[in-house]
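Participant: heads up, no residue letters with this:
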């Protein structure tokens with residue numbers, strides 16, 4: 001299904017395995033897609049968008065038409081944080097942590113959305129971007145969609161935050177489950193564990209989704225089985241993007257501390273191992289999964 005498969009560390013030369021079979025069929029539309037596996041610059045949204053600009057530029061330099069970013073890339077996935085929550089009370093330190101997290105989120109629409117749209121227009125690519133959306137005092141885990149003309153298309157809010165995520169993120173609803181008809185295929189997205197909601201997946205299948213984006217924070221090997229199942233079930237390409245993070249990618253303690261029985265990780269400890277992957281409608285892994293570090297993971301998708 002793909003002419004090119006690649007998984008490359010950010011900033012390194014593109015290394016590809018090329019298979020020219022089927023590339024001459026005029027009925028096939030070839031789409032080069034990249035999933036980004038990289039960490040947020042935590043608590044620094046301008047720097048994170050600068051990083052996104054560099055990553056999109058690199059993906060576009062070798063012909064990518066679609067670039068998919070991880071869950072909560074802008075705003076950050078607050079892995080390991082408790083925000084000082086106990087039943088019936090919140091600590092002063094936890095309140096301050098949430099204030100900083102809230103400040104790193106973005107308004108939709110807003111200036112950061114305009115800047116991402118400009119990046120999409122500058123490099124002539126579609127962008128699917130995981131963000132933390134701020135709406136008053138409520139935060140949402142959201143995916144934003146942009147086209148190569150520099151237009152913001154719309155958003156999907158995560159319907160059901162997973163477990164403790166419900167302490168910090170609001171619930172989405174059925175008004176934000178879009179599938180966009182584009183020249184490179186019908187594109188939509190679900191976020192992390194909401195991919196395990198059968199009726200929600202069915203809503204996308206019913207809209208004829210062809211490029212199914214799955215930004216996530218789940219780096220477990222088990223996640224790969226879910227992505228393969230969705231590709232087969234939906235007859236669509238699945239593009240799953242996750243962050244690769246070490247402890248040092250987050251602020252140092254005491255500004256940011258990891259909770260848990262194992263204690264504070266060392267600076268080089270991997271706290272999210274990635275596993276970003278691209279899978280064909282027949283269940284073939286086209287690129288990835290990558291567990292080695294920050295990377296741009298690319299494949300050519302053959303859409304009939």
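Facilitator: Right, received. Where do you want to start? All values reported here derive from a predicted model rather than from experimental measurement.

Participant: any stretches of the stretch 151-300 of the chain with poor pLDDT?
Facilitator: The stretch 151-300 of the chain contains residues with pLDDT under 70 at 260-261.

Participant: for it, just list every one of the helices.
Facilitator: 198-206, 222-234 (DSSP state H, counting those that start in this stretch).

Participant: please apply the same query to the stretch 1-150 of the chain.
Facilitator: For the stretch 1-150 of the chain, the helices defined by DSSP H, counting those that start in this stretch cover 45-61, 92-104, 111-123.

Participant: pLDDT of the first one, averaged?
Facilitator: Across helix 45-61, the average pLDDT comes to 98.

Participant: what comes up buried for it?
Facilitator: 45, 48-49, 51-53, 55-56, 58-60 (16 or more other CB atoms under 10 Å). All C-beta atoms are positioned from the backbone trio N, CA, C, and that covers glycine.

Participant: now swap in the last one and tell me
Facilitator: Neighbour-count burial for helix 111-123, counted by 16+ other CB under 10 Å, picks out 112-113, 115-117, 119-121, 123.

Participant: give me the angle between that helix and helix 45-61.
Facilitator: 20 degrees (axes from the mean of the first three to the mean of the last three CA atoms, to 10 degrees).

Participant: does anything pack onto helix 111-123? Which helices or strands?
Facilitator: The contact analysis (3 or more CB pairs under 8 Å, 6 or more residues apart in numbering; DSSP states H and E) places helix 111-123 against helix 45-61, strand 126-135, strand 138-146, strand 152-157.

Participant: what's the closest of these to residue 304?
Facilitator: strand 126-135 (19.3 Å; CB to CB).

Participant: so which bits of that closest one are buried?
Facilitator: Neighbour-count burial for strand 126-135 [16+ other CB under 10 Å]: 126-134.

Participant: now for these: which two are most distant?
Facilitator: 126 and 134 (24.2 Å).

Participant: mind checking the end-to-end distance for stretch 115-129?
Facilitator: 12 Å (CA to CA, to the nearest Å).

Participant: what's the pLDDT at residue 83?
Facilitator: Looking at residue 83, its pLDDT stands at 86.
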